[in-house]
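> Here is my input; please provide its structure:
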Amino acid sequence: MPKFNLRVKDRAGKVVNMVRVARDEKEVTKALREQGYSVVEVRREQGGVRKEKSQDILAYVPFLGKKPMLPASLIAQFSRQLGVMIRAGMPLIDALEAIRDESEDERLHNALSAVVSDVEAGSRLSEAMQR
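Modelled structure (predicted):
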């Protein structure tokens, strides 16, 4: 997902610089307005997400099934993206779906599909990720 460099005004009129991750400019400006900010400037950051290094540490991820290993950098990236989206006011299901749809790793994509289904069915995120 692309990063956006933003200049906004808070409710007190103070100009604040921030960086947000979102699908597009419309999504990021909508989320900020819902949080009470006035958007002054939006710039999409050039470049993309860092590619995984072949020497990455592998980590066990319980919600991916029977002991699958993923690069720790991919798990960290997922965690950062989810945190940013939640803090930006994006609904949990939408955030998980956005990360899933942008994932190039098939194991993560399939696991997040199952997590989204479980959460939509009423499970807590922690429960869905343990299955």
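> Report pLDDT for residue 61.
Looking at residue 61, its pLDDT is 58.
> Setting aside sequence neighbours, what's the nearest residue to the residue nearest the centre of the chain?
Centrality entry for the chain: nearest residue to the mean C-alpha point is residue 81, 2.7 Å, by Cα atoms, centre = their mean. Once flanking residues are discounted, residue 81 sits nearest to residue 99: 5.3 Å by Cβ to Cβ, 6 or more residues apart in numbering. C-betas here are computed from N, CA, C, even on glycine.
> Packing partners of whichever strand or helix holds the one you found?
Using DSSP states H and E, residue 99 sits within helix 92-102. Judged by 3 or more Cβ pairs under 8 Å, 6 or more residues apart in numbering; DSSP states H and E, the packing partners of helix 92-102 are helix 72-87, helix 106-120.
> and residue 128, which of the ones you listed is closest to it?
Closest to residue 128 of the helices and strands packed on helix 92-102 is helix 106-120 (Cβ to Cβ; 3.6 Å).
> pLDDT weak spots in this structure?
47-70 (pLDDT under 70).
> so what are the domain limits for it?
In the assignment given by automatic domain parsing, the structural domains of the chain cover 3-44, 58-130.
> Go ahead and confirm the residue nearest to residue 81 touches residue 79.
No: Residue 99 is not in contact with residue 79 according to Cβ atoms under 8 Å; the separation is 10.0 Å.
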